[in-house]
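In: Got a sequence here, can you build the structure:
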Amino acid sequence: MQFVPIAVIMFVFYFFLIRPQAKKQKEQGNFLSTLKSGDLVITQSGILGKISSINDHIVHLEIASNVQIKILKSQVLTLQNTTK
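Out: Predicted coordinates for the structure are as follows:
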């Protein structure tokens, strides 16, 4: 009988904390796998740029004319909204 409250707490912990975080992480992984050259993106640090090249772990991001930086692919947050 003493095990029931612990089991309930573990159940709640899983469904309200662990499961949503795992789902979000999976969605982010799927998003990162769809990135391609020419995409306009926003990084987690707020840098806006266009992907000039991409490989497994590194993205070359053009942030101004003839100015490129290398960032980790995992630091790309989202695509820029190009509609005005």
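In: Next, the buried residues of stretch 30-47.
Out: Neighbour-count burial for stretch 30-47 flags 39, 41, 43 (criterion: 16 or more other Cβ atoms under 10 Å). For glycine as for every other residue, the C-beta is placed from the backbone atoms N, C-alpha and C.
In: what do you get for stretch 54-73?
Out: For stretch 54-73, by 16+ other Cβ under 10 Å, it's 54, 59-62, 71.
In: chain center to it, what's the gap?
Out: Stretch 54-73 has its C-alpha centroid displaced from the chain centroid by 16 Å (Cα atoms, centre = their mean, to the nearest Å).
In: quick revisit: and which of the buried residues of stretch 30-47 is nearest Pro5?
Out: Nearest to Pro5 among these is Thr43, at 44.0 Å by Cβ to Cβ.
In: quick one: contacts for that closest one?
Out: By Cβ atoms under 8 Å, 6 or more residues apart in numbering, the residues touching Thr43 are 49, 61, 71, 75-77.
In: for Leu61, same thing?
Out: 41, 43, 47, 49-52, 68-71.
In: 10 Å instead, please
Out: Neighbouring residues of Leu61 by Cβ atoms under 10 Å, 6 or more residues apart in numbering: 39-41, 43, 47-54, 67-71, 75-76.
In: Can you tell me which of the residues you listed end up in strands?
Out: 40-41, 43, 48-54, 67-71, 76 (DSSP state E).
In: Tell me who's in contact with the nearest residue to Asp39 once chain neighbours are set aside.
Out: With Cβ to Cβ, 6 or more residues apart in numbering as the criterion, Asp39 has its nearest non-adjacent residue at 4.9 Å, and that residue is Ile51. Going by Cβ under 10 Å, 6+ apart, Ile51 touches 35-41, 59-62, 71, 73, 76.
In: tell me how far the ends of stretch 26-41 are from each other?
Out: End-to-end distance for stretch 26-41, by Cα to Cα, to the nearest Å: 19 Å.
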